[in-house]
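J.: only the shape, not the letters, is given here:
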Ligand SMILES: C[S@@+](CC[C@H](N)C(=O)[O-])C[C@H]1O[C@@H](n2cnc3c(N)ncnc32)[C@H](O)[C@@H]1O
């Protein structure tokens, strides 16, 4: 796909391929690619392990972000997973979790177990600390994996929700596709991914400082197609400061089934049911 992009120093690229060739070298040139990932992690290692730190000094957007995510998540859980049984045990994976902001403020409230995966050790330590006093016996942080996404393979069929927010820009296109392909097999039936990311107006914007790229909506959709994922629902995040990138939430599924829908059974129950 030919997309025009710019980097944070104003340099223009005619295509994403041209940018990737320059940043990570030709296929098989692992040295440059390793450096790309090392630089990304080094950037975050120099950032304070706090909500304000992981949000680039915009800690005050946390509330608006969580409220937007909560509305989206509740709808998805209701439509796809919550079938009225009280003994359901739902598990989430928080990708590029930083200090556990999303787990603490959102995921742990709706799911029974949450695993966190994050490459920066100091962030994961802070997450462990932040989450120690959060939740309960039935709603808790379970596993903490200190690994970058491009090297992470989640456990088979463990997750109902895989939440990927403000971190996938660190992955190259090929590693993006490869990660989702591995993670697809880790979703339980009815499970889904949520990708919540900044959007470039067109093409992409390369940040030379933290080694991340901000992709446009068509760029994301093209990558989701390459992953063989079905775009189930999208929603724009509202209420963020005007100077920031627009933010969109994408709910992605492996296929269109199973879906939960509300039906009246013969016993006139209103419970949502899973269609297999
Ligand atoms: C903007 S912060 C967002 C943190 C968290 N998702 C949140 O919204 O609070 C970006 C996060 O991506 C992590 N990150 C950087 N490179 C990564 C990689 N290769 N794989 C996974 N996470 C990465 C950083 O360490 C950092 O925690």
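T.: In hand now; what should we look at? This structure is a prediction, so every number in the text was calculated from the model and none was measured.
J.: what about the closest residue in space to residue 125 that isn't next to it in sequence, which SS state?
T.: In space, and not counting its chain neighbours, residue 125 is closest to residue 49: 7.3 Å by C-beta to C-beta, 6 or more residues apart in numbering. Where C-beta positions appear, they are placed from N, C-alpha and C, glycine not excepted. Assigned state for residue 49: coil (three-state reduction, DSSP: H, G, I helix; E, B strand; the rest coil).
J.: residue 49 and residue 128 touch, don't they?
T.: No. With contact defined as C-beta atoms under 8 Å, residue 49 does not count as touching residue 128 (10.9 Å).
J.: list the contacts of the residue nearest to residue 125.
T.: Neighbouring residues of residue 49 by C-beta atoms under 8 Å, 6 or more residues apart in numbering: 99, 122, 123, 125, 126.
J.: count the neighbours of the third one for me.
T.: When neighbours are counted by other C-beta atoms under 10 Å, residue 123 registers 26.
J.: can you confirm it is in a strand?
T.: No. Residue 123: not assigned to a strand; according to three-state DSSP it is helix.
J.: hmm, it is touching residue 96, no?
T.: No. Between residue 123 and residue 96 there is no contact under C-beta under 8 Å: 9.2 Å.
J.: nearest residue to residue 24 other than its sequence neighbours?
T.: For residue 24, the spatially nearest residue (C-beta to C-beta, 6+ apart) is residue 33, at 4.2 Å.
J.: what distance do you get for residue 150 to the ligand?
T.: Residue 150 sits 6 Å away from the ligand, taking C-beta to the nearest ligand atom, to the nearest Å as the criterion.
J.: what does residue 63 give?
T.: Taken as C-beta to the nearest ligand atom, the span from residue 63 to the ligand is 13 Å.
J.: state the helix or strand in which that residue lies.
T.: helix 62-76 (DSSP states H and E).
J.: which helices and strands does that helix pack with?
T.: helix 101-102, strand 159-165, strand 187-199, strand 230-236, strand 246-253 (3 or more C-beta pairs under 8 Å, 6 or more residues apart in numbering; DSSP states H and E).
J.: output the contacting helices and strands for the helix or strand following that helix.
T.: Per DSSP H and E, helix 62-76 leads on to strand 91-95 as the next helix or strand towards the C-terminus. With contacts defined as 3+ C-beta pairs under 8 Å, 6+ apart, strand 91-95 has these neighbours: strand 113-117, strand 159-165.
J.: buried ones in strand 91-95?
T.: 91, 92, 93, 94, 95 (16 or more other C-beta atoms under 10 Å).
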